[in-house]
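# give me the fold of what follows.
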Amino acid sequence: MRISKKGWAFIKTGVFFLSLSPFMMLLNDTIQDQLGANPIETLHFRLGDWALRFLCIGLALTPLKKLFHQSWLVRFRRMMGLFAFFYASMHFLVYIVLDLSLSWEAFVDEVPQSPYILVGIFTYTLLIPLALTSTRVMQRRLGKNWKKLHRLVYIAGVSAVVHYLWLVKSDFNEPAFYAGVMFVLLGFRLFESIQTRTR
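Alright, predicted model coming up:
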């Protein structure tokens, strides 16, 4: 069934607000003081979880398109990537503003003791150029280099999982799940690449 431009605009608007809803619920929980005994840590972790989830969703759209022959899925790839960047930005801001109170001294003292923070900053740094070049204008300007640049998302996906695994002290079930998802998504791309070169 063919969907009109207005129909796609309506669907994209719905997906946008659905993707924004976790942030709105977190904001409501913050206002209602429902984040538990350590609200800053809860807010920080939940935002990080959603950043990783949207990163996985964005990476999953191309394999799903090829598996089910549904090209419309990739229409949401840019949006999912930008939401991953949005939640990662909020995750980073909560750490810098609320946890460290914008203290450079506290940041310098904490990073050597917590190397997972360096991995997190590295991941976020990789996402910045991807977000800045996500528009069609930048895609046209960069040409073939655009695809090369956006392959950084694969490194960002791996480093995000490493950041999560390094952060967790005892229960590794959830980060292990994301590690498995990332392994499948990147493994699919590697398999596709090998097949293409063989042909």
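# next up, the contacts around residue 75.
Contacts were defined as C-beta atoms under 8 Å, 6 or more residues apart in numbering; by that measure residue 75 touches 8, 12. (Glycine included, C-beta is placed from N, CA and C.)
# just residue 101 next, same as before
Taking C-beta under 8 Å, 6+ apart as the definition, residue 101 has no contacts.
# what does residue 30 give?
Applying C-beta under 8 Å, 6+ apart to residue 30 gives the contacts 39, 43.
# the longest helix along the chain packs against which elements?
Within the chain, and with DSSP state H defining each element, the longest helix by residue count is helix 39-68. Helix 39-68 makes packing contacts with helix 5-31, helix 77-93, helix 152-167, helix 173-198 when contacts are defined by 3 or more C-beta pairs under 8 Å, 6 or more residues apart in numbering; DSSP states H and E.
# neighbouring contacts of the helix or strand bottoming out on mean pLDDT in the chain?
For the chain, counting by mean pLDDT, DSSP states H and E, helix 104-110 ranks last in confidence among helices and strands (a mean of 86). Residues outside helix 104-110 that contact it (C-beta under 8 Å, 6+ apart) are 96, 100, 117.
# residues touching the second one, list them.
Same thing as residue 100. In this structure, residue 100 makes contact with 106-107, 110, judged by C-beta under 8 Å, 6+ apart.
# put together JSON lines for those, with neighbour count on each row.
Formatted as JSON lines, the entries for the contacts of residue 100 read as follows, by neighbours: other C-beta atoms under 10 Å:
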{"residue": "106", "neighbour count": "13"}
{"residue": "107", "neighbour count": "15"}
{"residue": "110", "neighbour count": "14"}
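# which one of those is nearest to residue 125?
residue 107 (15.0 Å; C-beta to C-beta).
# what separates the closest one from residue 42, distance-wise?
Look at residue 107 and residue 42: by C-beta to C-beta, to the nearest Å, they are 21 Å apart.
# mind listing what the nearest residue to residue 153 once chain neighbours are set aside touches?
Counting by C-beta to C-beta, 6 or more residues apart in numbering, the nearest residue to residue 153 once its immediate chain neighbours are dropped is residue 130, at 6.0 Å. Residues near residue 130 by C-beta under 8 Å, 6+ apart: 81, 85, 149-150, 152-153, 156.
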